[in-house]
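Curious how this folds, go ahead:
(chains A and B)
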Amino acid sequence: MSPTPDRPPQPGEDPLRPHVFDGIQEYDKRLPNWWLMTLYGAIIFWAGYWFYYERAHLGPSNATAVEQQLAVIEAVRLASVPSLDDASLWKMSRNPIFVEAGRATFNTTCASCHTEKLTGAIGPNLVDHLWIHGGRPTDIHATVTHGVLAKGMPAWGPVLGPRKISEAVAYILSYHHEGEPIEVQAAWVPRAPQ
Amino acid sequence: MSDQKITIEYNDRVVRQFLLATVIWGIVGMLVGLLIAAQLSFWQLNFATPWLTFGRIRPLHTNAVIFAFVGNMMFAGVYYSTQRLVKARLASDFLSSLHFWGWQLIIVAAAITLPLGYTRGKEYAELIWPINLAVVFIWVVFAVNFFWTLARRREPALYVAIWFYIATIVTVAMLYIVNHLSIPTGLLHSYPVFSGVQDALVQWWYGHNAVAFFLTTPILGIMYYFLPKAAERPVYSYRLSVVHFWSLVFVYIWAGPHHLLNTALPGWLQNLGVTFSLMLWAPSWGGMLNGLLTLRGAWHKLRTDPVLKFFAAAVTFYGMATFEGPLLSIKSVNALAHYTDWIIGHVHIGTLGWNGFMAAGMIYWLLPRLWNKPLHSTALANLHFWIGTVGILLYVAAMWTSGITQGLMLNATTEHGTVLAYPNFLDTLNTIRPMMLMRVIGGGLYLAGWLLLAYNFYRTVRGAQPVNGTIEVYAEAPAPDTRLSVGRALLGTPMIFAVLAVGFATMWMLGSDLVSTAGLTGAVACLIGCLALLPSRGPAWTGWYEKLLLNALPFTLLTFFAVVAGGLIQIIPTLIVQQAQNVEDRIQVPYTPLELAGRDIYVREGCYLCHSQMIRTLVPDILRYGDYSRLGESIYDHPFQWGSKRNGPDLARVGGKYPNIWHLRHMEDARAISPGSNMPTYPWLLANNLDASVLPAKIKVQRMLGVPYGPLSAQQIFDQVDDQAKGIAKDLRAAGAYIAPEKEVVALIAYLQTLGKSVPVPPKSTATP
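Below you'll find the model as predicted:
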């Protein structure tokens, strides 16, 4: 198989290397400048990046950086905690905007255990008058925020944030009214959804 | 010198065999890929059958396309081109046959064991230990056959394609052996010797370089042979070949940690991953340039020649993928893209575009030559090209959109950055569903194109007579002054400069202050010395390299040194430093026997393919899943299960988050708990009994590997399993579910409920160095 060049080498064209491999010839053109700049640029970047993070420690480590960001978040949360009391939660539960927003959160987050009708399955019924961890609006709010880890209720505070939690509690309260009896229930026995 | 002429007949039979296997395994691998893609859209396609479930056949897809499809294609291309480039028939017909049939047997063994759930639980390294041994054996057969052929070559100099083949053979052997080091607990099961962060580092050193040295370097070699042949044009630049070959093989090895950015992997390794990935951009594009610029003067042929169309597109896709790779290795881009479909898209530009199109071009070029008959239909081949291209573009566009959308949604926060905007993972999943469907269509088109190739293949070779290539050569002895001893090769000035520069740079990077300063001084001195000597000594150095190309053994040794450096510098310090006694902050509690059994079920079902166990040092991860993972928290995990893709949420801290009954219902049918979920159902876990009899052997191996299990007798192990399982079954019964304690699901629940359990490590009184 001898090479069959498409066209004869033009005058002034780069010389070919002397060796031919199974008909394959090679030019020996110089490396494109932009390509060399990319190579050198990346090497310079490596040296600079390494110096910045690993030698001079001018940049924070991953853990330090995220701890700083979390501190900022905590500060914002602390500063924006509304003074929640039973009265304001009851008021929210009669506000259709709050209740509708709460319904959306409830159905995506809580309904998997408490069902969309709130009548309970894996988690307890939320529409009867029986409460395990307190039935006052602030009690419910605290249960949702901090969870009851021993019984499988996750702490939703960090995930949902205070606003969504207030809305969800308002939604639950929309099935109740102020002054109704609150009875203490010892525990919930999981059951199939009804 | 003699002027006696002899005729050599090449062994093209084995090339034809590998080519046929490429076509068949290509169909199989792509079909399985299509099925798993469809399963993500339609969970019913898991058919509630263990061996058809996503977690078990996703490894079948990846192993089939990497090792069966590209593997066979690589062997065909390497064997065809090497014989011609060195003017020698393959050294041994027996070894060639053994290589072919052994490899096919390995593939069949993989296709049987993976769906049955026999796995090592590490990506692209899932095959169980007896098959690992077979792979190593057949790879050695390949190596012996190849190097023996080089030793008998009648062409003194090694062409650039051969350089890439040498790098492939040497490096894949090294990577494969180290990442598969395991201790068997039985005939079909073993635990990897590395655990936790070490296992993660070794795994991605292997995983990244499987891409480099199994899917890239051999295909670059194939490009350097077949592309200039098909274009009938000289290769663009020899010196670009030299520079990009050595920089590629040297730099690639270091970049593995970019798979572990923002995780518990120590920061210096992450920064090596970032910087070396960026330095990899130019070497990769060197290959693309040499491919595309070789086509100068032949572009008009693309209009009619499907072979050149495939090659030009393949090299372009290679360029896209190797630009995207460094981009994805930037920490902030990675924070968005990692664990999402963007990565899947990135991989498929490489596999469908680069590997698949190189394979197609090579096959269309080889068919007429191996069967001495024109291709059945050029029109069909052109149609294949266009269907395939549209398929790739649909696939990749879908995955880009999907990955970026889901990444943005998962990372989105609201209320001044304090709260997740989409706290429910399923919201993000359901948003990308149209893109997941589009991916199925794109993949389906690509497979349709491949089926056209299979049909064209069949019609071309049907009734055709296979022919073997021949060549007439003079039986001449090599000139005596071409020998370069190993010592002379190692002591060549360019080699000395390279070793010193790498050594000094490493001292600067990792040494204490004094060593670091010395390293910096040395590196700068190296640079200045090199530049100063270049004008006068340059021609001598060129001569040294030309001479190196005449000597296969020294060349192979230098290649090995280039690829071994990065691995040693990354892995050895990690093995020494990241041990249980050195862990700070928090350390994992070893699993109880039942939890260990549950973990092995988790591995068997391939849960790690959709669920990570690694909360990154990123605010959205922490808000969603809890405090970021510490490296001590998986220190006893053989293998590590950090995962690389989140089709579902992270599980690193799922333990204790939900009651046992939640997990039971979720395994029965995830949609009962999480409407809209695409997780498969696992009815067999509720039906099958746990095989506890293997636990004493397994715990013995764990203890051997350094997991602090006390001296437990077999009976004590069985009693502990019984006690814990009964406790869980009792709890489930109280919740209204009647599950016998010996069912597999009980063990799995025990494991899930322990995830994230760790104990604090008291701060050390002595300062760390």
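
Would you state the strands of chain A in chain order?
A:130-131, A:183-184 (DSSP state E).

what do you get for chain B?
Going by DSSP E, chain B shows strands at B:5-9, B:182-184, B:190-192, B:413-414, B:419-420, B:470-474, B:586-588, B:758-760.

Give the full set of residues in contact with residue 89.
Assuming you mean chain A. Residues near A:L89 by Cβ atoms under 8 Å, 6 or more residues apart in numbering or on different chains: A:137-138, A:141, A:166, A:169-170, A:173. Every C-beta, even on glycine, is put in place using the N, C-alpha and C of the backbone.

oops, I was thinking of chain B
Counting by Cβ under 8 Å, 6+ apart, B:R89 touches B:8-11, B:83, B:149.

repeat that for 10 Å
By Cβ atoms under 10 Å, 6 or more residues apart in numbering or on different chains, the residues touching B:R89 are B:8-12, B:83, B:96, B:149, B:152, B:468-471.

What about residue 15, how many residues nearby?
In the absence of a named chain, chain A is used. Using other Cβ atoms under 10 Å in any protein chain shown, A:P15 has 8 other residues around it.

Actually, chain B is the one I wanted.
So B:V15, with other Cβ under 10 Å, has 27 neighbours.

I'd say it and B:W371 touch.
No - contact between B:V15 and B:W371 fails when scored by Cβ atoms under 10 Å: they sit 11.2 Å apart.

which residues are in contact with both of the two?
Taking Cβ under 10 Å, 6+ apart as the contact rule, B:V15 and B:W371 both touch B:P466.

Output the below-cut-off pLDDT ranges for chain A.
Scanning chain A with the threshold set as pLDDT under 70 gives A:1-13, A:78-79, A:81-82, A:194.

Geometric centre of it: which residue is closest?
Centroid-nearest residue in chain A, with Cα atoms, centre = their mean: A:V159, separated by 8.1 Å.

which parts of the stretch 651-769 of chain B sit against chain A?
Within the stretch 651-769 of chain B, the positions near chain A by Cβ under 10 Å from any Cβ of the partner chain are B:654, B:656-666, B:670-677, B:731-732, B:734-737.

ok, of these, which come out buried?
With neighbours counted by 16 or more other Cβ atoms under 10 Å in any protein chain shown, these contain buried members at B:654, B:656-666, B:670-674, B:677, B:731-732, B:735, B:737.

hang on, the earlier thing: would you check that the residue nearest to the centre of chain A makes contact with B:T413?
No - counting by Cβ under 10 Å, A:V159 stays clear of B:T413, with 11.5 Å between them.

quick one: common contacting residues for those two?
Shared contacts of A:V159 and B:T413, counting by Cβ under 10 Å, 6+ apart, come down to B:419-420, B:623.

Neighbour count and distance to chain A for those residues - can I get that in JSON lines?
Formatted as JSON lines, the shared contacts of A:V159 and B:T413 follow (neighbours: other Cβ atoms under 10 Å in any protein chain shown; distance: Cβ to the nearest Cβ, whole Å):
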{"residue": "B:V419", "neighbour count": "23", "distance to chain A": "3"}
{"residue": "B:L420", "neighbour count": "22", "distance to chain A": "6"}
{"residue": "B:L623", "neighbour count": "21", "distance to chain A": "6"}
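
got those as CSV, with pLDDT columns?
Conversion of these to CSV gives the following (pLDDT from 0 to 100):
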residue, pLDDT
B:V419, 90
B:L420, 94
B:L623, 95
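
What separation is there between B:W101 and chain A?
According to Cβ to the nearest Cβ, to the nearest Å, B:W101 and chain A sit 28 Å apart.

Next: B:L114.
32 Å.

Now for that residue, how many residues are close by?
B:L114 has 26 neighbouring residues, counting by other Cβ under 10 Å.

That one and B:T53 touch, don't they?
No - with contact defined as Cβ under 10 Å, B:L114 does not count as touching B:T53 (11.4 Å).

shared neighbours of these two, which are they?
Common contact partners of B:L114 and B:T53 (Cβ under 10 Å, 6+ apart): B:G606.

do you know which of the strands of chain B lies nearest A:E178?
Nearest to A:E178 among those is strand B:419-420; the distance by Cβ to Cβ comes to 28.4 Å.

ok, residues contacting the helix or strand bottoming out on mean pLDDT in chain B?
The weakest-scoring helix or strand in chain B, judged by mean pLDDT, DSSP states H and E, is helix B:486-490 (a mean of 84). By Cβ under 10 Å, 6+ apart, the residues outside helix B:486-490 that reach it are B:495-496, B:499, B:544-545, B:547-548, B:551, B:553-555, B:557-558, B:561.
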